[in-house]
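# pasting the structure only:
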């Protein structure tokens with residue numbers, strides 16, 4: 001509970017800081033909204049031409065995309081500091097964090113809460129609301145819970161990738177750009193259900209980086225394309241990806257030596 005209250009205080013600090021420049025915050029929010037809207041237009045024109053993709057209608061594709069975008073945006077907002085962890089190490093800030101009487105990972109997360117992603121989250125929420133209302137899905141409690149699990153599972157998977165990225169920085173002291181394939185790249189190809197990209201990518205996104213466990217398989221259950229109930233629980237299985245990420249973080253932390261900054 002103390003950690004929750006402390007995080008709330010950090011959140012308010014970041015909120016007050018960003019609201020010191022209200023016009024800048026507003027313009028950034030509008031910009032984020034328009035960028036996401038541009039991606040939405042790409043999906044619209046694609047589906048307007050082909051009507052269906054692997055049996056998924058436009059409304060279903062939009063719903064799937066919005067779930068991925070919501071999960072990614074929440075993860076990026078909360079765990080943004082891990083994406084810039086090489087800077088935290090390089091300028092010696094992490095050394096100061098190690099001296100504080102709190103878990104260092106918690107302190108890192110509190111150091112940056114990126115509230116500028118509000119516009120993208122708003123766009124994703126609008127797409128989600130439209131997808132829910134316009135699709136032919138017959139919503140019941142099981143499907144509602146599955147959709148919530150998909151978003152929560154997506155947040156955990158993206159957070160795990162950010163944590164792996166940060167853990168690698170203990171050894172390289174620099175960020176590895178190829179990791180963006182699993183974050184920004186996942187947001188891009190998450191516009192459509194992963195299964196449409198072929199068996200190879202689906203296998204990778206099932207057993208290596210579990211994107212499909214929170215995006216594709218449970219979505220098949222939500223849309224009624226499969227009736228297997230345990231598909232709805234696969235986002236929970238995807239959360240297990242957090243375990244190796246935490247172990248890598250602990251291993252990197254145990255090998256860390258000050259940069260001398």
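Okay, I see it. The shown structure was predicted, so the numbers you read here are calculated from the model rather than taken from an experiment.

# quick one: the strands in the stretch 1-150 of the chain, in order.
Using DSSP state E, counting those that start in this stretch, the strands of the stretch 1-150 of the chain run over residues 52-53, 56-57.

# show me where the stretch 51-200 of the chain has its helices.
58-83, 85-90, 93-98, 104-110, 118-134, 141-172, 184-189, 199-207 (DSSP state H, counting those that start in this stretch).

# rounded mean pLDDT for the last one, please.
Here helix 199-207 scores 89 as its mean pLDDT.

# returning to that earlier point: tell me which of the helices of the stretch 51-200 of the chain approaches residue 32 most closely.
helix 118-134 (3.2 Å; C-beta to C-beta). Glycine gets a C-beta too; all of them are placed from N, C-alpha and C.

# tell me what angle the closest one forms with helix 58-83.
150 degrees (axes from the mean of the first three to the mean of the last three C-alpha atoms, to 10 degrees).

# what angle do helix 118-134 and helix 141-172 make?
Using the same axes, to 10 degrees: helix 118-134 against helix 141-172 is 150 degrees.

# any chance of the helices of the stretch 51-200 of the chain in TSV, with mean neighbour count and distance to residue 246 too?
Output for the helices of the stretch 51-200 of the chain, formatted as TSV (neighbours: other C-beta atoms under 10 Å; distance: least, C-beta to C-beta, whole Å):
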stretch	mean neighbour count	distance to residue 246
helix 58-83	23	12
helix 85-90	20	15
helix 93-98	16	17
helix 104-110	18	9
helix 118-134	18	26
helix 141-172	20	7
helix 184-189	16	20
helix 199-207	14	19
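
# show me the one of the strands of the stretch 1-150 of the chain that comes nearest residue 191.
strand 52-53 (10.1 Å).

# direction included, what does that closest one pair against?
Next to strand 52-53 in the sheet, as set by DSSP bridges, lie strand 56-57 (antiparallel).

# how close does the residue nearest the centre of the chain get to residue 157?
Closest residue to the average C-alpha location of the chain: residue 72 at 2.4 Å, with C-alpha atoms, centre = their mean. Distance, residue 72 to residue 157, using C-beta to C-beta, to the nearest Å: 10 Å.

# for stretch 192-206, how far is the first residue from the last?
Terminal residues of stretch 192-206 are spaced 16 Å apart (C-alpha to C-alpha, to the nearest Å).

# hmm, who's touching it?
43, 53-54, 56, 61, 64-65, 189, 211-213, 215-216, 219-220 (C-beta atoms under 8 Å, 6 or more residues apart in numbering).

# closest one of those to residue 97?
residue 211 (30.6 Å).

# for residue 68, see how far away the closest residue in space to the closest one that isn't next to it in sequence is.
Distance criterion C-beta to C-beta, 6 or more residues apart in numbering; nearest residue to residue 211, sequence neighbours excluded, is residue 205 at 4.2 Å. With distances taken as C-beta to C-beta, residue 205 is found 12 Å from residue 68.
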